[in-house]
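Engineer: show me the folded form of this:
(4 chains)
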There are 2 protein chains.
Amino acid sequence: MKITREADYAIRILYIIKNESGVVSAREISEKTGVSLRFSLKILAKLSEAGFVDSKKGAQGGYFLKKPAEDISLANIIENIDGPIAISHCMEDDFCCTRVSDKSECSFRKVFCAVSGKIRNELSSMKLSQF
Amino acid sequence: MKITREADYAIRILYIIKNESGVVSAREISEKTGVSLRFSLKILAKLSEAGFVDSKKGAQGGYFLKKPAEDISLANIIENIDGPIAISHCMEDDFCCTRVSDKSECSFRKVFCAVSGKIRNELSSMKLSQF
DNA sequence: GTTAATGTATACTAAAAGCGTAAACAAAAA
DNA sequence: TTTTTGTTTACGCTTTTAGTATACATTAAC
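Structural biologist: From the prediction side, this is the model:
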């Protein structure tokens, strides 16, 4: 029922980068979040691959947002780190639906999909810019 | 971001008990859900302790609902098996708030609490009786 | 051009949680 | 009194989470 710590950290890291005028070094991010340098770097690499940030190498280098903060939602961040937002394993093809002959028949699956959709909408409406 | 399989199974088990006229044996529950007998028993013990079901021992014994199905919501079941519905570790006292001096200052905490509340409301409105 | 500060990539490991099993026991109906 | 059922406690395997270590590549500054 929870997002991972990594996703939580990712949100805070992006928040720090957003609030800084120039580029922010991994060291500075680590100090401000309290997350170890190594782990911060790992998360930053994922954020970079996902296209949220870009980096400038070498002395005085660091990270900066690649997209406007209005275009980054909590749902975007979470899904990139943790994978799809889904409230139950039921929504995976090899779980409940190996037991229920017709997938569309499973009323719980329907409910879980509906609830997951609402959560996703909620988190999609929350943009990095509003924090 | 997911409920555990145990919670998912618990929901399905209660659904089966609800739809049966008399008592239902653990064996029958296991067969109908596809969950092993032992694991079904483990879940049934939790559901019994939580007051959702009661049981009749001895030959021809089994389980039956202790409350009306209208009074059992998905939120009730999930919280009993998995613990409180909370979308982030941030909401635990020893996580983000060891880093933020004033808990109420942490804007992410507020957002996570709000989203968690919405999810809980959603799941609370879904009663076992409607399935 | 060299150096030092930075980011990149891959692999590894420890701890926790999730998932399920085993075995011995207790109760009660037939 | 036997058999069917539920109860309790402990154990163990597997997967995920969380974090670390090492070696390498890039580039700005001097």
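Engineer: now stretch A:11-24: buried residues?
Structural biologist: A:11-15, A:17-18, A:20, A:23-24 (16 or more other Cβ atoms under 10 Å in any protein chain shown). Every C-beta, even on glycine, is put in place using the N, C-alpha and C of the backbone.
Engineer: CA atoms only: put stretch A:57-75 into CSV for me.
Structural biologist: What follows is stretch A:57-75, C-alpha atoms only, in CSV (Å, rounded to 0.1, in the frame of the first residue of the first chain):
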residue,chain,number,x,y,z
LYS,A,57,29.6,17.1,-16.0
GLY,A,58,32.9,18.3,-14.6
ALA,A,59,33.8,20.8,-12.0
GLN,A,60,30.9,23.0,-11.0
GLY,A,61,28.6,20.5,-12.7
GLY,A,62,25.4,19.2,-11.3
TYR,A,63,21.8,18.5,-12.1
PHE,A,64,18.9,20.6,-13.4
LEU,A,65,15.3,20.0,-14.5
LYS,A,66,14.9,19.1,-18.1
LYS,A,67,11.2,19.8,-18.2
PRO,A,68,9.1,22.6,-16.6
ALA,A,69,8.0,21.7,-13.1
GLU,A,70,4.4,22.1,-14.2
ASP,A,71,4.8,19.1,-16.5
ILE,A,72,6.1,16.8,-13.8
SER,A,73,3.4,15.1,-11.7
LEU,A,74,3.8,12.9,-8.6
ALA,A,75,2.2,10.1,-10.6
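Engineer: show residues contacting it.
Structural biologist: Under the contact criterion Cβ atoms under 8 Å, 6 or more residues apart in numbering or on different chains, stretch A:57-75 has outside partners A:11, A:14, A:17-18, A:22-26, A:28-29, A:44, A:48, A:51-56, A:85, A:120, A:123-129, B:111.
Engineer: now do the contacts for whichever residue of chain A sits closest to DNA strand C.
Structural biologist: Nearest residue of chain A to DNA strand C (Cβ to the nearest atom of the strand) works out as A:Ala26 at 3.3 Å. By Cβ under 8 Å, 6+ apart, the residues touching A:Ala26 are A:37, A:40-41, A:44, A:62-63.
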